[in-house]
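Undergrad: any chance you can model this:
(chains A, B and C)
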Amino acid sequence: MLKGKHLIDLEEFSLDEIREILDLSKEIIINPERYSDVCKGKVLATLFYEPSTRTRFSFEVAMLRLGGSIIGFSDPNGSSVSKGESIADTIRTIACYADLAVMRHPKEGAPKLASKYSTIPLVNAGDGGHHHPTQTLTDLLTINSLKGKLSSHTVAVCGDLKFGRTVHSLVKAMNKYENTKFIFISPPELKIPEYIKDEIDSNSYIETTNLEEVIDDIDILYMTRVQKERFFNEEDYLRLKDSYVLTKQKIEKSKKDMIIMHPLPRVNEIATEVDEDSKSVYFDQAKFGMFVRMALIIKLLGVEIDA
Amino acid sequence: MLKGKHLIDLEEFSLDEIREILDLSKEIIINPERYSDVCKGKVLATLFYEPSTRTRFSFEVAMLRLGGSIIGFSDPNGSSVSKGESIADTIRTIACYADLAVMRHPKEGAPKLASKYSTIPLVNAGDGGHHHPTQTLTDLLTINSLKGKLSSHTVAVCGDLKFGRTVHSLVKAMNKYENTKFIFISPPELKIPEYIKDEIDSNSYIETTNLEEVIDDIDILYMTRVQKERFFNEEDYLRLKDSYVLTKQKIEKSKKDMIIMHPLPRVNEIATEVDEDSKSVYFDQAKFGMFVRMALIIKLLGVEIDA
Amino acid sequence: MLKGKHLIDLEEFSLDEIREILDLSKEIIINPERYSDVCKGKVLATLFYEPSTRTRFSFEVAMLRLGGSIIGFSDPNGSSVSKGESIADTIRTIACYADLAVMRHPKEGAPKLASKYSTIPLVNAGDGGHHHPTQTLTDLLTINSLKGKLSSHTVAVCGDLKFGRTVHSLVKAMNKYENTKFIFISPPELKIPEYIKDEIDSNSYIETTNLEEVIDDIDILYMTRVQKERFFNEEDYLRLKDSYVLTKQKIEKSKKDMIIMHPLPRVNEIATEVDEDSKSVYFDQAKFGMFVRMALIIKLLGVEIDA
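TA: A predicted model of the protein is given here:
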């Protein structure tokens, strides 16, 4: 039963609960009309203490397409609700108005703290470099929908594996499905942290700095951005950055049914020439993100769907 | 008949009109479903020339829970609608789009001026230190709902009574009901102004600097914040501030059915340990604020409710 | 067929397509109830890379009065959707969420570029000094509704004719209707550009610096603002500005059925004493703007209206 739960860290949801959300997402994709009014009369509060238009839109449109409505603020200036006020008081007030809240906050742990005082379900929409569980749900739905299953995939993650919270969360989630293999592709400066690898069977992953060497083994290629400011010096950055820009040429030898994912926004880590390739699914991913949030809202609100 | 009226200053509404709003609020509380669609097709414009997320949310959610919809801006930057434009022109344009408008403005009198040019009902959501009539309606509904009546209460207001517009407005409103007694509790620097006391029968109030001395006489304890910047020097502030912070210990001798109110946001003038006490109703107050605004919107729009 | 089209520059729409929109606008004006739910379940994205509250409100309220809903941002800070992201990627993401998008952008050509990547209809809500096609549609609907036809009018445009994009667009549009005569009234510094005049038959327009000389010939008087910063020196500005401020006295000799239009906001180029004159239709114009956008949304979405 997900009704009334908060979603702060996806680790707190069981595999069964995740499957419940993914299954409902797929039903919504097939028959969106059926769900277009199920949240009529319900109000979602979007509390964005730092701007993230893309994530905000995704939640808002999910609620609107269920027939619900929205209140919220979208940047630090808007958050006067909390001027000198504790986050506990803010969420208790919001809970008087709304049926469900989504919080984005620059400080790690803020949504967790708020959830302790919230009488309505609260969803973490990103807290600093910490968690962003609905991005991971989005990635799982994308993989499940486009590859037909969540187990037995070779998942390559490429780019900045040290700081990318999206990647850490995806690796932890995929590691729970049977027979997943990982390929970690990054410059030495940006390798995946030990504490993530510690959770994975040592026979289930390899590390490399070279994408082209492993391209023909990959089922799912998850790209992330290599940010200049992560490097100690300019030379290293300039030397390395092009190795992690995906081009048509680099995917020539890839499997026919490989898919290329990216959490967006993309800057230059995937050349636009790759967009036309049917393997590129990053814009589909955005659409899956809307559907998975629709399912999540329905589940957390415990909305009854007529048979 | 409230249909088509503006609400700029609560003094302009008769006791009968106020009762009409409070009565409808209570009906909505009992049967919200009945009202969930009565404003379908109606649009509320929220014109916030200074941010006040809490007040904005309260109006927005009121309209949404009546089935209506919202346009608006929420901070001075958003108010380009008025760039170099007179407030008269702005409201005349808004009246082309919306059915009802709510205005918050840093300048006293701005909503009054706008109302003169408005062909749609306009509600003042706070103009400088001047009026904030829906806060007072909220307070009246809270008292009426939780104490069963508006007459024959001993109302203590505590803290900054000099500058607190919420308090002035509440005192003037409660003074119209029979047999109200007031206790004004404040440091000498922040006493209630003479022009407020002049309206009250001299046998109907006392003034004191000491909350604990009078605590057992109080039916309704209305707390407000004592702001540092109101004092001439730091020592006075430090000496006095703790006297006006409500603690569990200070309410030990209070009546069993005393209620503690606060307009929120609270900073530290009520210790969080008091929150669990059933006498604390400040979060309920926020919810009453939503219901009273729902009733106000229905009345000003003159929406017909099917019997 | 307008379904699925973008509207970047009104020149791209045929006279038949424009008539289709104006005809539907008039039907909506007569029977708004009939259209109050036709966009139920549809989402409009308002992408305002520079603030323009008035234009944003007009689109939003149009969609809301059709039963649809809204996502969007309203100023450059909100537009984090595009932080470091190409406009192509932004619109492709938005197209995953919304059914129709409206874009305002400070850079000329940005909406055109975006439309090339958009799988949903995109409407230009103003790009720098370039196009603002829905303002022109608003003007055409106003003229057609209040004067009964679009042909055979003497249209005077007065004020800054050099930089005013609204005027250029209106002149190009009206020039397509039979027997339109133009009177261009401006200081010599702010004359209408040659490339606009080149499109008009030389017998169909006159130029003058003096409004009062021609006032009795005018059917439609379109006022615009004369901005101080357009002049080389202060003296010229001071000498000229009053000539282009409309007063009661200046319109005394005008035709009985002349109408006075202005795109709003008005600063001081029309004295407020003129507002009460029944010839003044600039606030009606704002209302026509809402209706024409309702019609445009229906047409671009290809919404079926039950007979």
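Undergrad: can you give me the first-to-last residue distance of stretch A:101-116?
TA: Length of stretch A:101-116, first residue to last, CA to CA, to the nearest Å: 13 Å.
Undergrad: I'd like the average pLDDT over that stretch.
TA: Regarding stretch A:101-116, the rounded mean pLDDT is 96.
Undergrad: now do stretch A:214-226
TA: Rounded mean pLDDT across stretch A:214-226 is 94.
Undergrad: now residue A:223: phi and psi?
TA: Residue A:223 adopts backbone torsions of phi -90, psi 140, taken as degrees, to the nearest 10.
Undergrad: now do the same contact list for the nearest residue to it once chain neighbours are set aside.
TA: Excluding its sequence neighbours, the residue lying closest to residue A:223 (CB to CB, 6 or more residues apart in numbering or on different chains) is residue A:262, at 4.7 Å. Where C-beta positions appear, they are placed from N, C-alpha and C, glycine not excepted. Counting by CB atoms under 8 Å, 6 or more residues apart in numbering or on different chains, residue A:262 touches A:222, A:223, A:224, A:269, A:270, A:282, A:285.
Undergrad: check the gap between the last one and residue A:142 for me.
TA: Spelled out, it's residue A:285. Look at residue A:285 and residue A:142: by CB to CB, to the nearest Å, they are 5 Å apart.
Undergrad: tell me which residue lies farthest from the centre of chain A.
TA: residue A:235 (31.9 Å; CA atoms, centre = their mean).
Undergrad: surely it is within a helix?
TA: Yes - counting by DSSP: H, G, I helix; E, B strand; the rest coil, residue A:235 is found in a helix.
Undergrad: domain ranges for chain A, per the record?
TA: Here the domain parsing of chain A from automatic domain parsing is A:10-131+A:287-301, A:134-276.
Undergrad: looking at those domains, which is buried most?
TA: domain A:10-131+A:287-301 (a mean of 21; mean count of other CB atoms under 10 Å in any protein chain shown).
Undergrad: quick one: is it near chain C?
TA: Yes - remark: domain A:10-131+A:287-301 sits within contact range of chain C at A:36, A:51-54, A:57-58, A:60-61, A:64-65, A:69, A:74-75, A:287, A:290, by CB under 8 Å from any CB of the partner chain.
Undergrad: least confident of those residues?
TA: For those, the pLDDT minimum is residue A:75, 75.
Undergrad: secondary structure element for the residue nearest to that residue when sequence neighbours are not counted?
TA: Distances taken as CB to CB, 6+ apart put residue A:51 closest to residue A:75, at 4.7 Å, once the chain neighbours are dropped. Applying DSSP states H and E as the criterion places residue A:51 outside every helix and strand.
Undergrad: now do the phi/psi pair for residue A:51.
TA: phi -70, psi 140.
Undergrad: likewise residue A:60?
TA: Here is the backbone geometry of residue A:60 (degrees, to the nearest 10): phi -60, psi -50.
Undergrad: so who does it touch?
TA: Residues in contact with residue A:60 (CB under 8 Å, 6+ apart) are A:44, A:46, A:70, A:72, C:71.
Undergrad: state the distance from the fourth one to residue B:142.
TA: This means residue A:72. Noted for residue A:72: a distance of 25 Å to residue B:142, by CB to CB.
Undergrad: ok, now residue A:231?
TA: As judged by CB to CB, residue A:231 and residue B:142 stand 58 Å apart.
Undergrad: hmm, back to that, which among the residues of domain A:10-131+A:287-301 next to chain C gets closest to chain B?
TA: residue A:69 (4.4 Å; CB to the nearest CB).
Undergrad: sec struct for the residue lying closest to residue A:130 once chain neighbours are set aside, please.
TA: Leaving aside its chain neighbours, residue A:130 sits nearest to residue A:108 (4.1 Å; criterion: CB to CB, 6+ apart). With three-state DSSP as the basis, residue A:108 sits in coil.
Undergrad: residue A:108 against residue A:124, yeah?
TA: No - using CB atoms under 8 Å, residue A:108 is not in contact with residue A:124, being 10.3 Å away.
Undergrad: mind listing the strands for the stretch 151-300 of chain A?
TA: Assigned by DSSP state E, counting those that start in this stretch, the stretch 151-300 of chain A shows strands spanning A:154-158, A:181-185, A:205-208, A:220-223, A:259-261.
Undergrad: make a markdown table out of those and add distance to residue A:25.
TA: Formatted as a markdown table, these follow (distance: least, CB to CB, whole Å):
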| stretch | distance to residue A:25 |
| --- | --- |
| strand A:154-158 | 20 |
| strand A:181-185 | 24 |
| strand A:205-208 | 28 |
| strand A:220-223 | 18 |
| strand A:259-261 | 16 |
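Undergrad: which of the contacts of residue A:60 scores worst on pLDDT?
TA: Comparing these by pLDDT, residue A:72 comes last, at 94.
Undergrad: doesn't that residue lie inside a strand?
TA: Yes - the assignment for residue A:72 is a strand, going by three-state DSSP.
Undergrad: can you name the residues of the stretch 151-300 of chain A that neighbour chain C?
TA: A:264, A:265, A:266, A:267, A:272, A:283, A:286, A:287, A:290.
Undergrad: look up phi and psi at the third one.
TA: The phi/psi pair for residue A:266 (degrees, to the nearest 10) reads phi -90, psi 140.
Undergrad: need the contact list for it.
TA: Contacts of residue A:266 (CB under 8 Å, 6+ apart): A:223, A:225, A:282, C:85, C:89.
Undergrad: mind listing what residue A:299 touches?
TA: Residues counted as contacts of residue A:299 (CB under 8 Å, 6+ apart) are A:2, A:3, A:20, A:21, A:24.
Undergrad: how about those residues in a markdown table, adding secondary structure?
TA: Shown next, in a markdown table, are those (three-state DSSP):
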| residue | secondary structure |
| --- | --- |
| A:2 | coil |
| A:3 | coil |
| A:20 | helix |
| A:21 | helix |
| A:24 | helix |
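Undergrad: what's the closest non-adjacent residue to residue A:112?
TA: Per CB to CB, 6+ apart, closest to residue A:112 is residue A:8, 5.0 Å.
Undergrad: so the one you found versus residue A:125, what's the distance?
TA: Distance check for residue A:8 against residue A:125: by CB to CB, it reads 11 Å.
Undergrad: name the residues contacting each of the two.
TA: residue A:111.
Undergrad: follow-up on the earlier one: got the phi and psi for the residue nearest to residue A:130?
TA: phi -60, psi 140.
Undergrad: where does the prediction get shaky in the stretch 51-200 of chain A?
TA: Applying pLDDT under 70 to the stretch 51-200 of chain A flags the ranges A:76-83.
Undergrad: at 50 instead, please
TA: For the stretch 51-200 of chain A, residues meeting the criterion pLDDT under 50 lie at A:82.
Undergrad: can you give me the helices in it?
TA: Assigned helices in the stretch 51-200 of chain A, in chain order: A:53-64, A:87-97, A:110-117, A:133-147, A:165-174, A:194-197 (criterion: DSSP state H, counting those that start in this stretch).
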